[in-house]
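*Asks:* have a look; sequence and predicted model below, questions after that.
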Amino acid sequence: MFYKSHFGTILTSVLSMFMGLVMAIFIIFLNHLPFNWVNLFELTAEINLIVFFFSLFIPYNAWGDWFAGLFHLQEGTVAFKLVQGIIPSAVLNTLNTFICTGTSIFYNESIPKAARMTAYLNGCKEAWIPCFIVSYIASFVAVWLGKKVAEKYVK
């Protein structure tokens, strides 16, 4: 499965890297974190790993196709793509929000242990919608870029 000639693996790799970088930058600004190499690298790597790993095992694109089919939209149209993209963005954004928020709170020694769960739930609640909007929009660019790269390398 992990061969350079596999279109889906190349597309997923590019999508993971692009989404990791875009979402890391957004999260740094959203949470008023210092914009430095450490924060950028940690968040990019974390999101890249989450997106890539779960993209290999969760058929969220098929779920998105099914969801768009509920509205009787013509496959290949802009409307179909806009509706189809909701499910993958919701799945990956939820995973990213829960995991990234958890690692930043539960491994933060400055937050008292008794307050961590409340901070976690509030953090997830506050971050999910803005991160969903950014990930939904960025996913269209990521998929386009991933397809371009994959088309270049797959014979």
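*Replies:* In hand now; what should we look at? Bear in mind the structure is a predicted one, so any value in this text is a computation, not a measurement.

*Asks:* would you check that F35 makes contact with I28?
*Replies:* Yes - using CB atoms under 8 Å, F35 makes contact with I28 at a distance of 5.4 Å. Any C-beta I mention is one placed from the backbone N, CA and C, and that applies to glycine too.

*Asks:* the two - which one has more neighbours?
*Replies:* Between F35 and I28, counting by other CB atoms under 10 Å, I28 is the more crowded of the two (17 against 10).

*Asks:* helices and strands around the one helix or strand that one maps to, which ones?
*Replies:* Per DSSP states H and E: I28 is located in helix 7-30. Secondary-structure packing of helix 7-30 (3 or more CB pairs under 8 Å, 6 or more residues apart in numbering; DSSP states H and E): helix 37-57, helix 86-106, helix 113-153.

*Asks:* can I get these in CSV with mean pLDDT?
*Replies:* Below are the helices and strands packed on helix 7-30 laid out as CSV (pLDDT from 0 to 100):
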stretch, mean pLDDT
helix 37-57, 93
helix 86-106, 94
helix 113-153, 95
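
*Asks:* out of the ones you listed, deepest packed?
*Replies:* Highest mean neighbour count among those (mean count of other CB atoms under 10 Å): helix 86-106, with a mean of 19.

*Asks:* surely P88 touches G64?
*Replies:* Yes - the pair formed by P88 and G64 meets the contact definition of CB under 8 Å, at 5.3 Å.

*Asks:* can I get the CA coordinates of the helix holding I28 in PDB?
*Replies:* The C-alpha coordinates for helix 7-30 follow below in PDB (Å, rounded to 0.1, in the frame of the first residue of the first chain):
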ATOM      1  CA  PHE A   7      -2.200   7.400  -6.100                       C
ATOM      2  CA  GLY A   8      -4.200   7.400  -2.900                       C
ATOM      3  CA  THR A   9      -1.100   7.200  -0.600                       C
ATOM      4  CA  ILE A  10       0.600  10.100  -2.400                       C
ATOM      5  CA  LEU A  11      -2.600  12.200  -2.200                       C
ATOM      6  CA  THR A  12      -3.100  11.400   1.500                       C
ATOM      7  CA  SER A  13       0.500  12.200   2.200                       C
ATOM      8  CA  VAL A  14       0.300  15.600   0.600                       C
ATOM      9  CA  LEU A  15      -3.100  16.200   2.200                       C
ATOM     10  CA  SER A  16      -1.700  15.300   5.600                       C
ATOM     11  CA  MET A  17       1.300  17.600   5.300                       C
ATOM     12  CA  PHE A  18      -0.700  20.600   3.900                       C
ATOM     13  CA  MET A  19      -3.500  20.200   6.500                       C
ATOM     14  CA  GLY A  20      -0.900  19.800   9.300                       C
ATOM     15  CA  LEU A  21       0.800  23.100   8.400                       C
ATOM     16  CA  VAL A  22      -2.400  25.100   7.800                       C
ATOM     17  CA  MET A  23      -4.100  23.900  10.900                       C
ATOM     18  CA  ALA A  24      -1.000  24.300  13.100                       C
ATOM     19  CA  ILE A  25      -0.700  27.900  12.000                       C
ATOM     20  CA  PHE A  26      -4.400  28.500  12.700                       C
ATOM     21  CA  ILE A  27      -4.300  26.900  16.100                       C
ATOM     22  CA  ILE A  28      -1.300  29.000  17.100                       C
ATOM     23  CA  PHE A  29      -3.200  32.100  16.300                       C
ATOM     24  CA  LEU A  30      -6.500  30.800  17.700                       C
END
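
*Asks:* many thanks, I have nothing further to ask.
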